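**Student:** For reference, the sequence and a predicted model appear below.
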Amino acid sequence: MTYLEALYGSQYDEIKRNGKDGNKGRLNGNIFLTAFLLMSIITIILAVCYLVPQINHSLGRMLSNTFGNNGRFTGKLLAIVFGGIFYFIINKTIGTQDNFTHYVDNFLAYPEDTRNKAGKMLLVPFFIVLALMFLLAFLN
């Protein structure tokens, strides 16, 4: 089972079991991928800043000069802008309706025990990236 089959298929299956339209799983999957991509990019940037202190200093100065010293505003602005851009890209490439249908059909073809492992397959990488992001943010 691929990561995308697990993502879209498990979202479809869960929503369908609750008696709702399973196609809403596409939106959930696209939002999850957007969040995961943003967290991955932030983790990479934090790792580079941790390994190369000059980049950390230059990046901090640039963001401070551009947005002021309010990190909360900067974070919200960047999350909204980049989140919107990444969601649009994912929605038009990986998360199209045709791809969603393909991933769901493949997911539903797997045996029940394999489908039950989809949540773990999704959440382990997500929490690893989340933990790394927090660790690197704390170290910086």
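**Tutor:** Thanks, I have the structure now. Numbering: from 1, shown residues only.

**Student:** drop to CA atoms for contacts and neighbour counts, all remaining ones
**Tutor:** Noted.

**Student:** distance of R115 from L59?
**Tutor:** 43 Å (C-alpha to C-alpha, to the nearest Å).

**Student:** Next, count neighbours for P53.
**Tutor:** A count of neighbours around P53, defined by other C-alpha atoms under 10 Å, yields 12.

**Student:** residues contacting D21?
**Tutor:** By C-alpha atoms under 8 Å, 6 or more residues apart in numbering, D21 lies in contact with I15.

**Student:** Next, the buried residues of the longest helix anywhere in the chain.
**Tutor:** Looking across the chain with DSSP state H, the single longest helix is helix 25-51. For helix 25-51, burial by neighbour count (16 or more other C-alpha atoms under 10 Å) applies to 25-40, 42-47, 49-50.

**Student:** How about the residue nearest to the spatial centre of the chain, nearest residue that isn't a chain neighbour?
**Tutor:** The chain has F36 as the residue nearest its centroid, 1.6 Å off, counting by C-alpha atoms, centre = their mean. Excluding the flanking residues, the one nearest F36 by C-alpha to C-alpha, 6 or more residues apart in numbering is F126, at 6.6 Å.
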